[in-house]
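1. my questions are about this predicted structure, shown below with the sequence.
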Amino acid sequence: TYINNVQIEETTPTAFSEEYFEILLKKDKDKITDDEIIVEKEVVSVLLNGYKVSNPYNKKATHLDVSFFRSIINKETSDGFNAIINKFHKTDRIHNHTHPFAMFRALNSKFHNPKNYVILDINGEITEMTLIKDEHFKKVITIPYGAHSFVRRLAEEMKTDFKTSFIKLKSVLQDEKESK
């Protein structure tokens, strides 16, 4: 995942075209290797002279503040995922997306563009934290510690196996939920 926030100052009001944004996005493409492919490359938000605009094309401004989101994946990994999907669902149209970007879009549409928030996504083996500030992606951090890591640690402390610890934790959480 790659986040790029660009600020551009012009001395005279300038109209920023779609081609201008494409050039900015293509500059990032030069940074990937031959064994990687782009999953997403999106203009996330644009401010012209400090004001958020949904369609910045051909509007004049002296100050441009744009936030790009780009994610890449190893081509071999992508091909492996797609082969598994095609094994069960024959299709030539597979569109991959990353979780941080999908969550960003979902939260922004549900809560009408909140300005500042953190997405904390705790998975089995990793935890991802995505920081959104002033409606821009600021940082995505992946921590190699997830729910399974916690359960393994619990199993060590309880001197039991993973499955027993998982069932115990699930039971405690369910009891806690029902008591509220």
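-> In hand now; what should we look at? Numbers count the residues shown, from 1 in each chain.
2. give the partner strands of the helix or strand encompassing Ile119 in its sheet and their orientations.
-> Counting by DSSP states H and E, the element that carries Ile119 is strand 117-122. Strand 117-122 has its sheet partners listed here by DSSP bridges as strand 127-133 (antiparallel).
3. any chance you could list what contacts the strand it pairs with?
-> By Cβ atoms under 8 Å, 6 or more residues apart in numbering, the surrounding residues in contact with strand 127-133 are 99-100, 103-104, 114-121, 137-143, 145-146. Every C-beta, even on glycine, is put in place using the N, C-alpha and C of the backbone.
4. of the residues you listed, keep whichever come out buried.
-> 100, 104, 119, 137, 140, 146 (16 or more other Cβ atoms under 10 Å).
5. can you pick out the most distant pair from the residues you listed?
-> Phe137 and Gly146 (21.6 Å; Cβ to Cβ).
6. can you give me the helices for the protein?
-> Under the criterion DSSP state H, helices of the chain are mapped to 18-29, 75-88, 99-110, 147-158, 162-178.
7. tell me the mean pLDDT for the longest one?
-> Helix 162-178 carries an average pLDDT of 85.
8. who are the packing partners of it?
-> helix 147-158 (3 or more Cβ pairs under 8 Å, 6 or more residues apart in numbering; DSSP states H and E).
9. spit out the contact partners of the spatially most central residue of the chain.
-> By Cα atoms, centre = their mean, the chain has its centre lying nearest to Pro100, at 2.3 Å. Neighbour list for Pro100: 1, 69, 71, 119, 121, 128, 130, 137, 140 [criterion: Cβ under 8 Å, 6+ apart].
10. again with Val46
-> Per Cβ under 8 Å, 6+ apart, neighbours of Val46: 52-53, 56, 64-67.
11. same question, Ile32
-> Ile32 touches 38, 72, counting by Cβ under 8 Å, 6+ apart.
12. bridging residues for Thr14?
-> Residues in beta-bridge contact with Thr14 (DSSP bridges): Ala61.
13. I misspoke; the intended subject was Arg70.
-> Applying DSSP bridges, one finds that Arg70 bridges with Tyr2, Lys41.
14. so how many other residues sit close to it?
-> Neighbour count of Arg70, defined by other Cβ atoms under 10 Å: 21.
15. quick one: closest of the helices of the chain to Ser45.
-> helix 99-110 (9.2 Å).
16. now do the residue lying farthest from the centre of the chain, the pLDDT please.
-> For the chain, the residue at maximal distance from the C-alpha centroid (Cα atoms, centre = their mean) is Lys159, at 37.2 Å. The score at Lys159 is 93. That number is its pLDDT.
17. turn the helices of the chain into a markdown table, including distance to Leu47.
-> Below are these laid out as a markdown table (distance: least, Cβ to Cβ, whole Å):
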| stretch | distance to Leu47 |
| --- | --- |
| helix 18-29 | 14 |
| helix 75-88 | 33 |
| helix 99-110 | 15 |
| helix 147-158 | 37 |
| helix 162-178 | 42 |
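18. no more questions from me, cheers.
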